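Undergrad: Pasting the sequence and the predicted coordinates here, then a few questions.
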Amino acid sequence: MQLKPVLIIAFLVSVTGSLPAQTGAGGRYFTRGAAIQFFSDSPLEKIEASTNSGNCVLDLATGKLEAAVLINSFNFKKALMQEHFNENYMESSKFPKAVFKGSLDKPQELTLSKDGTYKTMLKGEMTIHGITRPMQTEVVFRVGDGKIFAETAFDVTVADYGIRIPALMRDNIAKIVRLTVKSELQELKKT
Amino acid sequence: MKYRLLFYCFILVASMPSALRAQEDLLSMIRDSASTEKQPVKSSFKTTRVVNFQSLENTHARNLDIKISHRFGFLNLGIEELFGLDAATIRLGAEYGITDRLMVGFGRSSFEKTLDTYFKWKTIQQTSGKGGMPVTVSLFGSAALRTFRVNTDLEDKLLNRMYYTGQVIVGSKISEEFSLQLSPTIVHRNLTATTSEKNDVFGIGAGGRFKVSKRISLNAEYMYLLPDQVAPGITNSLSIGFDIETGGHVFQLHLTNSTAMIEKGFITETTGDWGDGDIHFGFNISRVFDFSRKNKTKAE
């Protein structure tokens, strides 16, 4: 029975394989309360909306980052505007979420356990309104007082994501809207 | 040989969990509260009316909706009356959302110079998601006063010119495009023209909309009256029209056999017959003003 040791090894592989992946030196960080704001500045109207329920998970070992937000969680000053945002533009019942998947440049240089400010590029793909496009932005991490904050800002061209602005609204809604994301990250503990 | 095969199988099984895990999203590691939460179903109709009927929708909290409605003359009046366009009955109205679920309104119609006031309370809100509520249920009540007097002693008394309507509106946004509602209704008339007419008139209405594009929907509504309640010659109200939404405005363009634009009128006093061409072209224009102070402190 010279096969027995091999079987034992195979068994060990199967057991360790089903354990959670190694978190590595970097660890994982997350938030369920990222503040996302968007601004549309046009000749006739300034439109702002915000949400505090962006989700994000960052795996520092690999640099991978994923984020998602429910479109209908965005709050507008005007209720009707919010309704039209969901119904006419974002079609949130068809495309309930905006999702980003990508990775950070040089994650090994991000020592989020040490106080300081770190800047790095985030590159990946963003899916809004059912359309996926590449995007990149600079993310700033600030670590201090045992807290980790991350923020970024970027522009989104509305037409890139198949969101049509009718002629009547062309002066009210900007073609390019600015998004800002601010969040405190917490370490993701294994459960 | 047998063992070898077993070994390969084992390796295959052993490698599976890690292979599966590799495809797993990072996001799935955190509890995604948003995907399981029940969400209220919004935008069943473009505005608070189907055509004449109250729809499932309410004016948002602290929003004022000014409604200007016209019904022109019957189309069968011919070219001499420009197919009814020479004359119009008008209702001017305003409604206000006290909360997202309770709204009040009033209006004045040129038809019989009638004042009306009403409330609509969304008691049950349709929700999406697992175990969501499949329907919206609203309660509607209105009182109307006819200020125009037919010259009799009886009508000098204000109470004899009062009308009341109670309605339950049950409906559902069945798909993104299609919404349907039923509205059992009672109209109470303090005084009727003849004794053979009932003071309490029962009817059941059905209304719906179908979105033909993001901003345009096709609407229809019909009110069935139980027999032997109203004067002979009174017909059931039937209306078909389009909603065109342009941001703050909703334009409703329609064809209807009813002249009046309030419940007691279009339910119990419709005389037009679609078959004879007694059809009014008409419109409702809705303009919403937002007085909420939502987010204002945050933004400034």
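TA: Ah, there it is.
Undergrad: lowest confidence element among the helices and strands of chain B?
TA: In chain B, no helix or strand scores lower on mean pLDDT, DSSP states H and E than helix B:296-299, which sits at a mean of 44.
Undergrad: How about chain A?
TA: helix A:4-17 (a mean of 57).
Undergrad: OK, contacts around B:Glu221?
TA: B:Val50, B:Val51, B:Asn52, B:Phe53, B:Gly205, B:Ala206, B:Gly207, B:Gly208, B:Ser237, B:Leu238, B:Ser239 (C-beta atoms under 8 Å, 6 or more residues apart in numbering or on different chains). All C-beta spots, glycine's among them, are computed from the backbone N, C-alpha and C.
Undergrad: likewise B:Leu226?
TA: Contacts of B:Leu226 (C-beta under 8 Å, 6+ apart): B:Val201, B:Phe202, B:Gly203.
Undergrad: from the residues you listed, which ones fall inside strands?
TA: Among the contacts of B:Leu226, DSSP state E puts B:Val201, B:Phe202, B:Gly203 in strands.
Undergrad: out of those, who's near chain A?
TA: Contacts with chain A within those, counted by C-beta under 8 Å from any C-beta of the partner chain: none were found.
Undergrad: Take those and write them to a markdown table, including distance to B:Ala94.
TA: What follows is those, written out as a markdown table (distance: C-beta to C-beta, whole Å):
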| residue | distance to B:Ala94 |
| --- | --- |
| B:Val201 | 27 |
| B:Phe202 | 29 |
| B:Gly203 | 26 |
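Undergrad: if we take these, which one ends up nearest to B:Lys264?
TA: B:Val201 (8.8 Å; C-beta to C-beta).
Undergrad: and the residue minimising distance to the centre of chain B, backbone torsions?
TA: Centroid check for chain B by C-alpha atoms, centre = their mean gives B:Ser55 as the closest residue, at 1.1 Å. The phi/psi pair for B:Ser55 (degrees, to the nearest 10) reads phi -90, psi -180.
Undergrad: Give the full set of residues in contact with it.
TA: B:Ser44, B:Phe45, B:Thr47, B:Thr48, B:Arg49, B:Ile169, B:Gly171, B:Gln181, B:Gly207, B:Arg209.
Undergrad: my guess is the fifth one meets B:His254, correct?
TA: No: under the criterion of C-beta atoms under 8 Å, B:Arg49 lies out of contact with B:His254, with a separation of 9.9 Å.
Undergrad: So for these two, which residue has more residues nearby?
TA: B:Arg49 (27 against 23; other C-beta atoms under 10 Å in any protein chain shown).
Undergrad: Next one: the closest residue to the more buried one other than its chain neighbours relative to B:Thr136, how far apart?
TA: Computed as C-beta to C-beta, 6 or more residues apart in numbering or on different chains, the closest residue to B:Arg49 that is not its neighbour in sequence is B:Ser55, at 5.6 Å. With distances taken as C-beta to C-beta, to the nearest Å, B:Ser55 is found 10 Å from B:Thr136.
Undergrad: overlap in contacts of these two?
TA: In contact with both B:Ser55 and B:Thr136: B:Ser44, B:Ile169, B:Gly171, using C-beta under 8 Å, 6+ apart.
Undergrad: picking up where we left off before, which one among the contacts of B:Leu226 gets closest to chain A?
TA: Nearest to chain A out of those is B:Gly203 (C-beta to the nearest C-beta; 30.7 Å).
Undergrad: which stretches of chain A aren't confidently modelled?
TA: Applying pLDDT under 70 to chain A flags the ranges A:1-26, A:190-191.
Undergrad: and A:Thr31, bridged to which residues?
TA: Taking DSSP bridges as the rule, A:Thr31 bridges to A:Cys56.
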